[in-house]
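Trainee: Got a predicted structure plus its sequence, pasted below:
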Amino acid sequence: MRTLTDCLYSTIHRNKKPLKVIAEEIGMSENYLTRAALPDQEDSETGTGCRFPLKKLIPLIRATNDFSVLDTIERNLGRVGVPLPTPSGALTADICRLTMHSVSEFGELIGWIEKAVDDGKVTPAENEKIQREGYQAVQAILALMEVCKK
């Protein structure tokens, strides 16, 4: 599982959007943003790294549309984030699509669990796949439940 630092680095340095644009959108200097996402800042002998300011986390996630940092925080706290439907409500077609997606995600999860336990042991790679598929299945099901409330 990726660390929070890994996700922050990836969000900033491996995003489709250029780092300069991200920095402008969140009101931070490009230089500071670059250094704030460097791994092993506390162990650095050069002292060039700096901490990412918490007040910039939500603007960063919005600017990059990368939720990996938030997903990592949620997983570590035993929570699952669910994108909420638009305030105007959901169309019947959207609910049907979400239902099919939920069933599909759950089916993939069960398939991976079945393959993993077939030989009596779960490898780290199988465990990682089960965790990822399980997380996606839960998200899809909870999104469907939220849409049906409206």
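Mentor: Alright, I've got the coordinates.
Trainee: Strands along the protein, start to end?
Mentor: Taking DSSP state E as the criterion, the chain carries no strands.
Trainee: quick one: least confident helix or strand in it?
Mentor: Counting by mean pLDDT, DSSP states H and E, the chain has its least confident helix or strand at helix 124-149, which shows a mean of 77.
Trainee: Name the residues of that one that come out as buried.
Mentor: By neighbour count on 16 or more other CB atoms under 10 Å, the buried set for helix 124-149 is 126, 129-130, 133-144, 147. (Each C-beta comes from the backbone N, C-alpha and C, glycine too.)
Trainee: same for it, what does it pack against?
Mentor: Applying 3 or more CB pairs under 8 Å, 6 or more residues apart in numbering; DSSP states H and E, one finds that helix 124-149 contacts helix 92-117.
Trainee: State the separation between the helix it packs on and the centre of the chain it belongs to.
Mentor: How far helix 92-117 lies from its chain's middle: 19 Å, per CA atoms, centre = their mean, to the nearest Å.
Trainee: cool, and stretch 21-32?
Mentor: How far stretch 21-32 lies from its chain's middle: 21 Å, per CA atoms, centre = their mean.
Trainee: From start to finish, how long is it in a straight line?
Mentor: 13 Å (CA to CA, to the nearest Å).
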